[in-house]
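could you look at this predicted model? Sequence included:
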Amino acid sequence: MTELERTIEWHDGTVLMIDQRVLPLHYEIKAYTTYQGVAEAIHTMVIRGAPAIGAAAGFGMALAGLQSTAGTRSDLLHDLEMAAEVLRKSRPTAVNLFWAIDRMLKTSRRFETSGRFTVDDVREALIREAQRIADEDVEINKRMAEYGAALIKDGDTILTHCNTGALAVVDYGTALGVIRRAHEQGKRVKVFADETRPRLQGARLTAWELMRWGIDVTLIADNAAGHYMRKGMVNICFVGSDRTAANGDVANKIGTYKVAVLAKENGIPFYPVVPTSTIDLRLENGDLIPIEERDEREVTEIDGERIAPIGVKVGNPAFDVTPHKYVTGIVTENGIAYPPFEISLKRVVAGGA
Ligand code: MRU
């Protein structure tokens with residue numbers, strides 16, 4: 001099967017996505033022509049990773065424009081608000097989802113005041129804006145990669161958690177993009193990839209991507225991270241983020257907190273790699289970040305096979321918050337933010353390094 005060039009693509013009113021639930025054993029492409037389908041794809045994790053979710057929401061809104069039978073711009077706006085409500089409910093933690101939906105609504109509202117434009121003008125503007133969000137994402141990842149790669153020395157071993165590769169974004173990657181860039185620069189790097197229970201994004205996606213890029217990767221159980229750190233076998237940690245608060249607290253895939261605490265205990269620098277669209281300056285600290293609780297079967301079953309006693313109580317938070325005291329610096333497309341984050345994050349969000 002021909003592979004997509006990107007994780008998500010728009011083809012003449014159809015949104016194509018690589019189905020990340022079946023990788024690496026199967027490469028399948030899903031096609032969506034409705035925003036409801038896109039919302040379901042985000043919820044069921046056909047597509048996942050904060051920036052990829054944002055891009056999907058953008059294309060979902062563009063589909064909503066095409067689906068709407070509205071004959072006036074105000075009716076179209078009403079239909080778009082309804083679609084936004086549905087998309088907003090698909091996943092709660094990655095702020096990129098809300099950021100992209102708001103950006104799309106803003107685009108449609110821009111046409112409200114002038115009588116010159118038709119409903120079709122708005123529909124076309126929505127498609128252009130969604131494509132812009134996707135294209136910008138690739139460019140942003142490459143800029144972050146350049147800043148982050150400068151932190152990596154020849155011969156370093158890097159520990160990472162979850163999947164932050166091309167699959168988690170539109171193309172290239174966030175934390176994995178940093179590692180990819182260092183490799184492209186000719187630095188000899190090795191990677192420990194946490195398997196990342198319960199959805200195993202590390203085992204299924206990160207290991208697959210790094211191997212395809214020719215980067216030396218060792219897959220480890222999440223519980224092995226501390227062992228390798230204590231033995232002096234990890235030089236630096238790079239992870240992603242689904243939402244970063246104004247004080248530098250970082251929400252990321254469950255288990256990231258443990259990595260950060262272990263890194264600090266062992267004197268290892270810990271860097272989240274974060275597009276500014278993931279920074280939520282409205283939230284003072286990480287306790288205000290909504291944490292998604294997912295289906296308990298992700299924990300009680302492996303590949304549909306029950307492994308835990310029937311009736312056992314289960315907790316399945318999909319993300320945790322790493323307090324900023326464990327964060328060495330935050331790599332963004334506008335430079336690296338260092339403590340005090342209250343000041344440096346504002347600066348990078350405003351565009352300054
Ligand atoms: O539940 P997921 O797979 O969507 O979680 C993904 C992560 O936690 C990533 O680390 C995060 O989105 C940042 S990566 C681009």
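Ah, there it is.

you'd agree Thr256 is up against Phe238?
No: counting by CB atoms under 8 Å, Phe238 is not a contact partner of Thr256; they are 11.1 Å apart. C-beta here means a position set from N, CA and C on the backbone, and glycine is covered the same way.

ramachandran angles for Ile220?
Main-chain torsions, Ile220, degrees, to the nearest 10: phi -130, psi 150.

confirm for me that it is in contact with Val191.
No: contact criterion CB under 8 Å: Ile220 and Val191 do not qualify, at 10.1 Å.

more neighbours: which of the two?
Just comparing Ile220 and Val191: by other CB atoms under 10 Å the higher neighbour count belongs to Val191, 22 against 17.

what about the more buried one, helix or strand, and which?
strand 190-194 (DSSP states H and E).

who touches that strand?
156-162, 179, 202-203, 206-207, 210, 215-222, 225, 228, 233-234, 255, 259 (CB atoms under 8 Å, 6 or more residues apart in numbering).

what about Asp242, how many residues nearby?
If we define neighbours as other CB under 10 Å, then Asp242 has 31 of them.

Tyr271 is in contact with Ile236, isn't it?
Yes: under the criterion of CB under 8 Å, Tyr271 makes contact with Ile236 at 7.1 Å.

phi and psi next, for Arg6.
phi -130, psi 170.

ok, the residue of the stretch 201-350 of the chain found nearest the ligand - contacts?
Residue of the stretch 201-350 of the chain nearest the ligand, by CB to the nearest ligand atom: Gly240 (2.5 Å). The contact partners of Gly240, taken as CB under 8 Å, 6+ apart, are Gly49, Ala50, Cys162, Thr164, Ala168, Thr174, Ala175, Asn252, Lys253, Pro272, Val273, Val274.

so the fourth one versus the ligand, what's the distance?
Applying CB to the nearest ligand atom, to the nearest Å, the value for Thr164 to the ligand is 4 Å.

that residue and Gly49 touch, don't they?
Yes: the pair Thr164 / Gly49 is scored as a contact, 6.9 Å apart, by CB under 8 Å.

these two: which is more packed in?
Taking neighbours as other CB under 10 Å, Thr164 and Gly49 compare with Thr164 leading, 33 against 30.

give me the element Arg282 is part of.
Applying DSSP H and E, one finds Arg282 in no helix or strand.

that older thread, what would the contacts of Gly240 look like in a markdown table with secondary structure and pLDDT?
Formatted as a markdown table, the contacts of Gly240 follow (DSSP: H, G, I helix; E, B strand; the rest coil; pLDDT from 0 to 100):
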| residue | secondary structure | pLDDT |
| --- | --- | --- |
| Gly49 | coil | 97 |
| Ala50 | helix | 96 |
| Cys162 | coil | 98 |
| Thr164 | coil | 98 |
| Ala168 | helix | 98 |
| Thr174 | coil | 98 |
| Ala175 | helix | 98 |
| Asn252 | strand | 98 |
| Lys253 | strand | 98 |
| Pro272 | strand | 98 |
| Val273 | strand | 98 |
| Val274 | coil | 98 |
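
out of those, which is nearest to Asp295?
Lowest distance from Asp295 to these (CB to CB) belongs to Lys253, with 16.1 Å.

show me what contacts that closest one?
Here Lys253 is in contact with His161, Cys162, Thr196, Gln201, Val239, Gly240, Asp242, Ala318, Phe319, Asp320 (criterion: CB under 8 Å, 6+ apart).

give me the subset of those lying in strands.
Val239, Phe319, Asp320 (DSSP state E).

in a markdown table, list those residues along with neighbour count.
Formatted as a markdown table, the ones in strands among the contacts of Lys253 follow (neighbours: other CB atoms under 10 Å):
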| residue | neighbour count |
| --- | --- |
| Val239 | 28 |
| Phe319 | 25 |
| Asp320 | 19 |
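
just give me the closest of these to Val86.
Out of those, the member with the shortest distance to Val86 (by CB to CB) is Phe319, at 21.9 Å.

tell me what the closest one is bridged to.
Note on Phe319: beta-bridge partners Lys253, judged by DSSP bridges.

just checking, it touches Tyr257?
No: using CB under 8 Å, Phe319 is not in contact with Tyr257; the gap is 9.5 Å.

report pLDDT for Ser114.
Listed pLDDT for Ser114 reads 67.

neighbouring contacts of stretch 111-131?
Outside stretch 111-131, the residues that reach it (CB under 8 Å, 6+ apart) are 10, 55, 58-59, 61-62, 64-66, 68, 70-74, 76-77, 80, 103-104, 107-108, 110.

how far off centre is it?
28 Å (CA atoms, centre = their mean, to the nearest Å).

C-alpha coordinates for that stretch, CSV please?
The C-alpha coordinates for stretch 111-131 follow below in CSV (Å, rounded to 0.1, in the frame of the first residue of the first chain):
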residue,chain,number,x,y,z
PHE,A,111,-16.1,37.0,7.2
GLU,A,112,-19.1,38.0,9.4
THR,A,113,-19.0,41.7,9.1
SER,A,114,-18.5,42.2,5.3
GLY,A,115,-21.3,41.5,2.9
ARG,A,116,-18.9,40.9,0.1
PHE,A,117,-18.3,37.2,0.9
THR,A,118,-20.4,34.2,0.1
VAL,A,119,-20.9,31.0,2.2
ASP,A,120,-18.5,29.2,-0.2
ASP,A,121,-15.8,31.8,0.5
VAL,A,122,-16.0,30.9,4.1
ARG,A,123,-15.9,27.2,3.3
GLU,A,124,-12.8,27.7,1.2
ALA,A,125,-11.1,29.9,3.9
LEU,A,126,-11.7,27.1,6.4
ILE,A,127,-9.9,24.5,4.2
ARG,A,128,-7.0,26.9,3.6
GLU,A,129,-6.7,27.6,7.4
ALA,A,130,-6.8,23.9,8.3
GLN,A,131,-4.0,23.2,5.7
